[in-house]
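Visitor: Got a predicted structure here, sequence first:
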Protein chains: 2
Amino acid sequence: MTPGGEGMMQGGRVVALCGGVGGAKLALGLETALGSGPDSERLAIAVNTGDDFEYLGLRISPDLDTVLYTLAGLNDLTRGWGRADETWNFMAALKELGGESWFSLGDRDLALHVERTRRLQAGETLTSIVGDMARRTGIRAALLPMSDDPVRTIVQTPDGALPFQHYFVKHACQPVVTGISFAGADDAAPNPALMQALADPQLSAVIVCPSNPFLSIDPILAVPGIRVALQRTAAPVIVVSPIVGGQAVKGPTAKIMQELGLEVTSQTIAAHYAGLADGLVIDEADAADAATLALPTHVTRTLMRSHADKRQLADAVLDFANTLREAGQARARSAA
Amino acid sequence: MTPGGEGMMQGGRVVALCGGVGGAKLALGLETALGSGPDSERLAIAVNTGDDFEYLGLRISPDLDTVLYTLAGLNDLTRGWGRADETWNFMAALKELGGESWFSLGDRDLALHVERTRRLQAGETLTSIVGDMARRTGIRAALLPMSDDPVRTIVQTPDGALPFQHYFVKHACQPVVTGISFAGADDAAPNPALMQALADPQLSAVIVCPSNPFLSIDPILAVPGIRVALQRTAAPVIVVSPIVGGQAVKGPTAKIMQELGLEVTSQTIAAHYAGLADGLVIDEADAADAATLALPTHVTRTLMRSHADKRQLADAVLDFANTLREAGQARARSAA
């Protein structure tokens, strides 16, 4: 976030940080905006793995899978998770055999979990497996788990601690959240490819996608080294707020913010990323907040319903980053 | 196989030994013939696990699964293996991700493999898992893996040794078989419930189903203790020949017998089980063989196309066992 970086948007790399659905939408917009061809690997997407869990003896990586399916064009648009053209015969048969069934795995989706689990057990890293699967499904961006080590998001509730997917799916976000922690984060090594991308002098922007700050982005920032790398990079760090008109677009973001005693506003998001963000992108519905924010703010439509919406937001975010970087360079030149 | 046993067909237990498809058909016929109600556990079926293998990180038990699906009425009658009303979306997605696909697993079938693997990894025995799944799918007979320890059937070919499923499915039984061995058999413990059933004075018959003697029954007999228990039981041991008119009904039995230098006849089957069988059931097409066989022989239709065929063969086999046992008891009384 130091001003005066040398990166150029045209040739420089972009790193996006994201969780599941909302983040994946902007990641897809960024991939489209940054184009294909020789520059195809310009986008690196660091994905939260704090939601990963073991289920039926399989390793499930909900956010990575959502990003993979979204960028591969395999995601189900109506349901909002999993694969399109899905069937559920595995799950039906599993119930007959007395197996656990609180987390639904579609028949096609299951292939990803079985194959990933097999390759992990054979000693391959999650990064290597995801990279191979991304290539096979035609994804141009680099898909990077935040870490190859286990980090597990734990939600504290009045009735005790819950692993994230138990809170999110099994208990349908009903329990009150009194705290969030990331087990294993202190001992986790950041993804080396992510650290390399963040240290690249050609890095032109870091985009924090409109994912849940507490459940999707904080786990990434909890992995030692990543926060510092974001603070050190010359590229502007742009946060896209997940708040639209005082509400979260999807998921438990607003509910959790209220339970943690936080106002559901752009100000809260800005405060959460203080010392890290160089600019904030907020929705038109919250345009009035812009005047009260201490950091540079860009107002645009952040709701992404269509593919055009995703592309429009990606372009706006990249333009905003460009403006901030050029301003930083001008300041650096005038100070020299 | 000692004459003079005290077992009564009405109340006594029946043990069946079997492999996959052909054996499972007679096992179903036996379950129907022995009826339901308080006597429902009269039938214990010892199933070959020499074909078991690891695939996609999952433990697959082809013969156990065929018997389970057949007795539960879930099997596909047209295809001859796997579940009825099956879909194949998992396999299609797995191929897209670069996974192994030489052994097809249906979406419904997969539930059995995933759940069994999870429970095995949690420390449960195969016997306990299969028993629970059999109950859940409405099976009245006791389904018993021959052993809870790994025994792996290895097929010797001119090009080297092949695990059974590689020979059977991957290489479609094309290689010439020069020998068959059962890795791990010497160190395997027989299923305790099977040993208990075989030692039961109330045991009224042991039925060797019309499965491949070399690939499906021999692995069971290779587990230390089982052959001796069959030799010691007072109940008659009845072998149902898998040969019909000098040919095998299904699978590579005839091909393997020829490659091993054996004639595809009832005589060869009788010789294979010499010292173990008290009676042989052969098909009408081989009726002429009866006169040349040294042991008691019953001729009947052994082809099982319909459910009525299965029941008819089961009744014939049980009646034949009854006759042999009564003759043995008469001999024992006259010797006393």
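Guide: Cool, the structure landed.
Visitor: shouldn't A:Ala287 be in contact with A:Val299?
Guide: Yes. In this structure A:Ala287 lies within contact range of A:Val299 using Cβ atoms under 8 Å: 4.8 Å. Glycine gets a C-beta too; all of them are placed from N, C-alpha and C.
Visitor: Name the residue in those two with the higher neighbour count.
Guide: A:Val299 (18 against 13; other Cβ atoms under 10 Å in any protein chain shown).
Visitor: Helix, strand or coil: sort out the closest residue to A:Gly73 other than its chain neighbours for me.
Guide: Nearest in space to A:Gly73, with sequence neighbours left out and distances taken as Cβ to Cβ, 6 or more residues apart in numbering or on different chains, is A:Gly138 at 7.9 Å. Under DSSP: H, G, I helix; E, B strand; the rest coil, the three-state class of A:Gly138 is coil.
Visitor: quick one: pLDDT of A:Gly138?
Guide: On the pLDDT scale, A:Gly138 is placed at 93.
Visitor: Over to the one 10 residues further on?
Guide: pLDDT, the model's per-residue confidence, is 98 for A:Asp148.
Visitor: just the one 4 residues further on next, same as before
Guide: At A:Arg152, the model reports a pLDDT of 97.
Visitor: Now for A:Leu215: which residues touch it?
Guide: Counting by Cβ atoms under 8 Å, 6 or more residues apart in numbering or on different chains, A:Leu215 touches A:Gly19, A:Asn48, A:Gly50, A:Asp51, A:Thr153, A:Phe164, A:Ile180, A:Pro252, A:Thr253, A:Ile256.
Visitor: Go again with 7 Å.
Guide: The contact partners of A:Leu215, taken as Cβ atoms under 7 Å, 6 or more residues apart in numbering or on different chains, are A:Gly19, A:Thr153, A:Phe164, A:Ile180.
Visitor: Leaving out the residues flanking it, which one is nearest to the third one?
Guide: In space, A:Phe164 comes closest to A:Thr153 once its chain neighbours are excluded; the distance is 4.1 Å by Cβ to Cβ, 6+ apart.
Visitor: Looking at strand pairing, list the partners for that neighbour.
Guide: Taking DSSP bridges, one obtains A:Phe182 as the residues bridged to A:Thr153.
Visitor: Check the contact between it and A:Leu162; I expect there is one.
Guide: No. Assessed by Cβ atoms under 7 Å, A:Thr153 is found out of contact with A:Leu162, at 9.7 Å.
Visitor: Of those two, give the one with the bigger neighbour count.
Guide: It is A:Thr153, of A:Thr153 and A:Leu162, that has more neighbours when counted by other Cβ under 10 Å, with 28 against 18.
Visitor: Within range of chain B, give me the residues from chain A.
Guide: A:56-57, A:87, A:89-90, A:93-94, A:96-99, A:107-108, A:110-112, A:114-115, A:117-118, A:121, A:132-133, A:136-137 (Cβ under 7 Å from any Cβ of the partner chain).
Visitor: what about the residue nearest to A:Phe164, distance to chain B?
Guide: Relative to chain B, A:Thr153 is positioned 23 Å away (Cβ to the nearest Cβ, to the nearest Å).
Visitor: ok, now A:Gly19?
Guide: According to Cβ to the nearest Cβ, A:Gly19 stands 23 Å off from chain B.
Visitor: who does A:Glu54 bridge with?
Guide: A:Arg59.
Visitor: residues near it, how many?
Guide: A:Glu54: 13 neighbours (other Cβ under 10 Å).
Visitor: That one and A:Ala185: what is the separation?
Guide: Using Cβ to Cβ, to the nearest Å, one obtains 18 Å as the distance from A:Glu54 to A:Ala185.
Visitor: Ranking by neighbours, what's the top pick from the contacts of A:Leu215?
Guide: A:Gly19 (30 neighbours).
Visitor: give the contact list for it.
Guide: Here A:Gly19 is in contact with A:Asn48, A:Asp63, A:Ser211, A:Asn212, A:Leu215, A:Ser216, A:Ile217 (criterion: Cβ under 7 Å, 6+ apart).
Visitor: Just the buried residues of these.
Guide: Neighbour-count burial (16 or more other Cβ atoms under 10 Å in any protein chain shown) is assigned, among the contacts of A:Gly19, to A:Asn48, A:Asp63, A:Ser211, A:Asn212, A:Leu215, A:Ser216, A:Ile217.
Visitor: is it true that the first one touches A:Pro145?
Guide: No. Using Cβ under 7 Å, A:Asn48 is not in contact with A:Pro145; the gap is 8.6 Å.
Visitor: Which elements pack onto the top helix by length along chain A?
Guide: For chain A, the longest helix by residue count, based on DSSP state H, is helix A:307-335. Secondary-structure packing of helix A:307-335 (3 or more Cβ pairs under 7 Å, 6 or more residues apart in numbering or on different chains; DSSP states H and E): helix A:21-34, strand A:203-208, strand A:237-240, strand A:279-283, strand A:297-300.
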